[in-house]
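Visitor: Quick one, fold the following:
(chains A and B)
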Amino acid sequence: MKNLNFKKHMMTGISYMIPMIVVGGILGAMAKGLGGWEVGNFGPAAGATPYSNLALTWAHFWWGVNKLSSHAMSFGVAVMAAGVAYSIAERPGIVPAFVIGFVCNESKGGFLAGLLMAFVVGAFVNWMKTWKLPKWMVGLMPVMIIPVITTFVLGMGYLYILQGPMAALMTMIQNWMMSLNGGSKFVIGAVIGACMGFDMGGPLNKTASMAANALGADGINGPMSAKIIGGMTPPIGVWVSTLIAPTKFTETEKETAKTAMPMGLCFITEGVLPFAAADPARFVPASMLGSGIAGGLAVAMGVESVAGHGGVFVFPMMVNPLWAVIALVVGSVVTGVVYAFIKKPGEEVVEEEIVDLDIDF
Amino acid sequence: MSLKIVGITACTAGIAHTYIVAEKIATAAQEAGHQCKMETQGTIGRQNELTAQDIAECDVVIVAHDIKVGGMERFAGKPVVDIPISTAMKSPKSLIATIEKKLNKK
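Guide: A predicted model of the protein is given here:
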């Protein structure tokens, strides 16, 4: 492989995984919020299947929703792995990586193991594609030979060789996260928050999200709150700035800020991109400062979120929702004040300087 | 020289950058006097899909992406500019200007 393109493959996997985590997180938060924290224990008596005796009652209904959520969550790593392998090796990569990704999740190897195995699967499938085979076998390659051999060899290889070390590594990371107390909790939250505020929906933002999601999948829900709140403050913050220093913003910018604000409440950081793109040197520091403080405050004060997405709609389901609101307000105000202070009075769009780019055909 | 430009955009989340960048490239191309059609491959799927005719008639293909895009085989034999989303986000005009220069040299 002359072009490994590590980042593109990983981003493809993450891109495919995002809706899965959103579904799992929001349905889970709904089920636990409306059906109670113990909703998983309120299910029907098992019949032919766990679902056979499902009745139309409040408890059973939310138990069902909770089931959907936990299934979605358990397939997150599998979908991510399938996406990575697809990006590397096209369609024949999907099935082996999906199966092995699910096994990684089940064996507590988590996100890291899934990612590692997805790259191994992709490389292995690409290598198999170079095999010289008799004509009659060529048609069997993509539907039978590649998926069966890849899943068999790499799957068993994972179980006997990598499973132990990967699970031990994940447990170590988890124990370390759980052992953190006040001050260092603030640091973790602040780092995740600041990453969320750095590129507003770009790669670093998604990497921080994934770290929080991975920990959430393993039952550590503090960083998730930093992720959500840190991702919400930049758009709300920019709206706050337009209120503080209205004269510094052009009409277009004020309109953009007004649309960004509700997007921020829904945890769609991308609403502020026009500001970040137009004025990165001033906006990004203001944004990171606000998100960092919000994330640090949230985690240090013990705010936890099971849901991975949903903005203000999942606040009621968080642990310590009051501190979540405080962190959100403080972070937004910090971004707002700082940006209002350092922003240059609005000129209309600055003309882009035309330079030669290093591109090839 | 007026060019016919087609392209694809695809970003990680597939809900924002994909569309912003498609519009930036199209605007920059049109301001420079070219025709441009951008296909978006967001999480929702392909929109404004390029037709066989669009591709047959085009002079150059711009693919701005952070993730794998589908349907690259459609561009066999065409000059393809492969860039990350951020390049097109930051400097769409330079992108078009550089393409003009390089195509003229050929």
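
Visitor: rest of the way, CA atoms for contacts and neighbours
Guide: OK.

Visitor: all helices of the stretch 151-300 of chain A, in order?
Guide: In order along the chain, the stretch 151-300 of chain A carries the following helices (DSSP state H, counting those that start in this stretch): A:163-179, A:182-199, A:203-217, A:222-244, A:251-265, A:273-278, A:280-300.

Visitor: Of those, flag the one that's most buried.
Guide: Of the helices of the stretch 151-300 of chain A, the one with the most neighbours on average (mean count of other CA atoms under 10 Å in any protein chain shown) is helix A:222-244, at a mean of 32.

Visitor: where in chain B is pLDDT low?
Guide: Low-confidence segments of chain B (pLDDT under 70): B:106.

Visitor: And the helices in chain B, which stretches?
Guide: Taking DSSP state H as the criterion, chain B carries its helices at B:17-31, B:52-57, B:85-90, B:92-105.

Visitor: between these, which one is nearest to A:L169?
Guide: Evaluated over these, closeness to A:L169 peaks at helix B:85-90, with 33.9 Å, by CA to CA.

Visitor: helices or strands up against that closest one?
Guide: Under the contact definition 3 or more CA pairs under 8 Å, 6 or more residues apart in numbering or on different chains; DSSP states H and E, helix B:85-90 sits against helix B:17-31, strand B:60-65.

Visitor: next one: the longest one to chain centre, how far?
Guide: When you say that, I think you mean helix B:17-31. On the basis of CA atoms, centre = their mean, to the nearest Å, helix B:17-31 is displaced by 8 Å from the centre of the chain it belongs to.

Visitor: Pick the most deeply packed of the helices and strands packed on helix B:85-90.
Guide: Among the helices and strands packed on helix B:85-90, the stretch with the highest mean neighbour count (mean count of other CA under 10 Å) is strand B:60-65, at a mean of 23.

Visitor: For that strand, give me every contacting residue.
Guide: Counting by CA atoms under 8 Å, 6 or more residues apart in numbering or on different chains, strand B:60-65 makes contact with B:3-11, B:75, B:78-85, B:87-88, all of which sit outside it.

Visitor: Can you turn the buried part of those residues into a PyMOL selection?
Guide: Selection of buried members from the contacts of strand B:60-65 for PyMOL, criterion 16 or more other CA atoms under 10 Å in any protein chain shown:
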select buried, chain B and resi 3+4+5+6+7+8+9+10+11+75+80+81+82+83+84+85+88
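
Visitor: what's the neighbour count on the residue lying closest to A:G47 once chain neighbours are set aside?
Guide: In space, not counting the residues next to it along the chain, A:G47 is nearest to A:N53; the distance is 6.1 Å by CA to CA, 6 or more residues apart in numbering or on different chains. A:N53: 14 surrounding residues under other CA atoms under 10 Å in any protein chain shown.

Visitor: Kindly report the same for A:A59.
Guide: Here the number of neighbours of A:A59 (other CA under 10 Å) works out to 20.

Visitor: And A:K344, by the same measure?
Guide: Neighbour count for A:K344, taken as other CA under 10 Å: 12.

Visitor: residues contacting the closest residue to it other than its chain neighbours?
Guide: Sequence neighbours aside, A:K248 is the residue nearest to A:K344 in space, at 6.8 Å (criterion: CA to CA, 6+ apart). Listed by CA under 8 Å, 6+ apart, the contact set of A:K248 reads A:T242, A:A340, A:K343, A:K344, A:P345, A:G346.

Visitor: Which of those fall within strands?
Guide: In strands, judged by DSSP state E, none of the contacts of A:K248 are found.

Visitor: and these, which of them are in helices?
Guide: Counting by DSSP H, the contacts of A:K248 place A:T242, A:A340 in helices.

Visitor: For the contacts of A:K248, work out which two are farthest apart.
Guide: Maximum distance among those (CA to CA): 12.5 Å, for A:T242 and A:K344.

Visitor: can you pull the contacts of the residue lying closest to B:P92 once chain neighbours are set aside?
Guide: Nearest in space to B:P92, with sequence neighbours left out and distances taken as CA to CA, 6+ apart, is B:I25 at 5.5 Å. Going by CA under 8 Å, 6+ apart, B:I25 touches B:M38, B:A88, B:P92, B:K93, B:I96.

Visitor: how close does B:I25 sit to B:T9?
Guide: Distance from B:I25 to B:T9, counting by CA to CA, to the nearest Å: 10 Å.

Visitor: Equivalent analysis for A:Y339, please.
Guide: To B:T9, A:Y339 is 31 Å away according to CA to CA.
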